[in-house]
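Peer 1: Please find the sequence and the predicted model below.
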Amino acid sequence: MARISLIEPAQASAEVREIYDGKLKSKPGSIQRALAHRPAMLSNFLGFYASVGRSIDRKLYEAVYLRISLINECYYCTRHHIQGAKRAGLTLEQMKALKEGNYSGFGAAEQVALRYAEKLACTPSGASDGDFAELKKHFSDEQIVDLHMLIGLANLTNRVTGPLALEVEFPEEKI
């Protein structure tokens, strides 16, 4: 059970209802209903969230988000990104490998990104010139910026949804 109240559509202010009905197609999740306590933050967060990672292949995006959520033991984000990973084309075997930190079933660029994402999730100050040399072999500067923002976004949402004990809105599917 969530540790704070969640703003349901019937109780939402006109400003929040507009966001729920528009950007969220009348289906706000737990994180959106929590952020609705701060309508401007909710609106800004949705725009920010939608902008992150757009220069990166969707399969890699979901693999990175899922791996970080698994590292951080974030139940909410893990459940959501299992669904996203399936839609992006990750196999059950790849998701199980991500859970174990085994990247051998991924391409060279994906392996570099996943190792780097894991490094930053565990040691935020751990980036080195060598890491960037490896990243630059596979990714443009735009993609490297997107990768960093994605790593930060995953850590942010993990650190919001977990401590707030937000509940997943659909049946659990394990990997």
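Peer 2: Looks like it came in fine. Numbers count the residues shown, from 1 in each chain.

Peer 1: The helix or strand residue 136 falls within packs against which elements?
Peer 2: Taking DSSP states H and E as the criterion, residue 136 maps to helix 129-138. Judged by 3 or more C-beta pairs under 8 Å, 6 or more residues apart in numbering; DSSP states H and E, helix 129-138 is in contact with helix 108-122, helix 141-161. Any C-beta I mention is one placed from the backbone N, CA and C, and that applies to glycine too.

Peer 1: can you rerun that using 6 Å?
Peer 2: Secondary-structure packing of helix 129-138 (3 or more C-beta pairs under 6 Å, 6 or more residues apart in numbering; DSSP states H and E): helix 108-122.

Peer 1: Using the three-state scheme, assign residue 90.
Peer 2: coil (DSSP: H, G, I helix; E, B strand; the rest coil).

Peer 1: What is the burial count for it?
Peer 2: By other C-beta atoms under 10 Å, 24 other residues sit near residue 90.

Peer 1: Ramachandran angles for it?
Peer 2: phi -70, psi 140 (degrees, to the nearest 10).

Peer 1: swap in residue 123?
Peer 2: phi -140, psi 90.

Peer 1: Give me the pLDDT value at it.
Peer 2: Listed pLDDT for residue 123 reads 95.

Peer 1: how far away is it from residue 132?
Peer 2: 15 Å (C-beta to C-beta, to the nearest Å).

Peer 1: now residue 41
Peer 2: For residue 41, the distance to residue 132 - C-beta to C-beta - is 32 Å.
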